[in-house]
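**Q** Everything below, folded, please.
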Amino acid sequence: MLNCSRHTDEELTSLLKSDNHAAFTEIYKRYWKKMLLISWNHTKDTAIAKDLVHEVFMSLWERRGTMQIQNLSSFLATAVKFSIFKHYQKEKNRADLARKNYEFDELSRDEDALDALFLKEYINGIVEEMPERCRLVFRYSRDMGLKNSEIADKINISEKGVEATLTRALKIIRGELKNYGLGILIAVQTIYALLHK
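**A** Okay, here's the model as predicted:
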């Protein structure tokens with residue numbers, strides 16, 4: 001079996017696409033503890049955290065030929081955060097079934113807030129890996145609520161440049177959300193809500 005311990009993440013990613021089991025094993029060894037920590041920090045439940053990380057690595061192997069991975073570490077971290085989001089979404093669906101017979105308005109508000117928090121954090125993970133200008137423009141627009149003209153003044157580019165950069169940022173986010181199974185409509189609605197909060 002090929003020893004992959006000295007390979008870079010980029011080399012491992014390339015070997016993974018060629019169905020290389022040794023590369024997958026090395027990726028797992030290199031990242032499972034970090035991913036488990038991310039998962040546990042959100043769930044505070046060791047069994048659930050392990051299950052979610054396991055699912056991420058299973059998905060990585062199963063979809064190895066179709067995934068576009070630029071940065072392995074951030075890709076896996078984002079995948080874990082999305083798995084956490086899906087886990088809480090599943091829990092929400094269970095609670096919705098219970099609410100058919102009972103009223104839990106307070107619980108509903110809490111769950112909705114939790115859904116929003118995890119989806120926002122998932123998108124934040126995507127934004128953090130964007131090229132610097134793209135990330136900066138997106139943060140000015142979303143976090144600070146600046147107009148395109150104000151952003152243009154701040155970073156010394158044209159308004160059209162700001163628009164183009166925002167479009168690129170949204171395209172990156174849509175692509176990542178689609179990569180993990182969210183429909184484009186949900187992605188667009190989420191991005192719109194984040195940009196117009």
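
**Q** drop to CA atoms for contacts and neighbour counts, all remaining ones
**A** Noted.

**Q** Could you identify the longest helix within this structure?
**A** The longest helix of the chain (DSSP state H) is helix 72-98.

**Q** Show me what that helix is packed against.
**A** helix 9-17, helix 21-43, helix 46-62, helix 105-128 (3 or more Cα pairs under 8 Å, 6 or more residues apart in numbering; DSSP states H and E).

**Q** Retrieve the pLDDT associated with residue 23.
**A** Listed pLDDT for residue 23 reads 90.

**Q** Equivalent analysis for residue 98, please.
**A** Confidence score, pLDDT, at residue 98: 53.

**Q** just to revisit the earlier point, in a markdown table: the helices and strands packed on helix 72-98, plus mean neighbour count and distance to residue 149.
**A** Formatted as a markdown table, the helices and strands packed on helix 72-98 follow (neighbours: other Cα atoms under 10 Å; distance: least, Cα to Cα, whole Å):
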| stretch | mean neighbour count | distance to residue 149 |
| --- | --- | --- |
| helix 9-17 | 18 | 38 |
| helix 21-43 | 17 | 38 |
| helix 46-62 | 17 | 41 |
| helix 105-128 | 16 | 21 |
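
**Q** quick one, which of those helices is nearest to residue 74?
**A** Closest to residue 74 of these is helix 105-128 (Cα to Cα; 7.4 Å).

**Q** name the element residue 167 belongs to?
**A** helix 159-179 (DSSP states H and E).

**Q** picking up where we left off before, nearest to residue 160 among the helices and strands packed on helix 72-98 would be which one?
**A** Among these, helix 105-128 sits nearest to residue 160 (Cα to Cα), with 20.6 Å.

**Q** Taking helix 159-179 as reference, get the angle to the very next helix or strand once past that closest one.
**A** Going down the chain from helix 105-128, the next helix or strand is helix 132-142, by DSSP H and E. Angle of helix 132-142 versus helix 159-179, following axes from the mean of the first three to the mean of the last three Cα atoms, to 10 degrees, is 90 degrees.

**Q** Tell me the helices and strands packed up against whichever helix or strand comes after helix 132-142.
**A** As assigned by DSSP H and E, the chain's next helix or strand after helix 132-142 is helix 148-155. Helices and strands touching helix 148-155, by 3+ Cα pairs under 8 Å, 6+ apart, are helix 132-142, helix 159-179.
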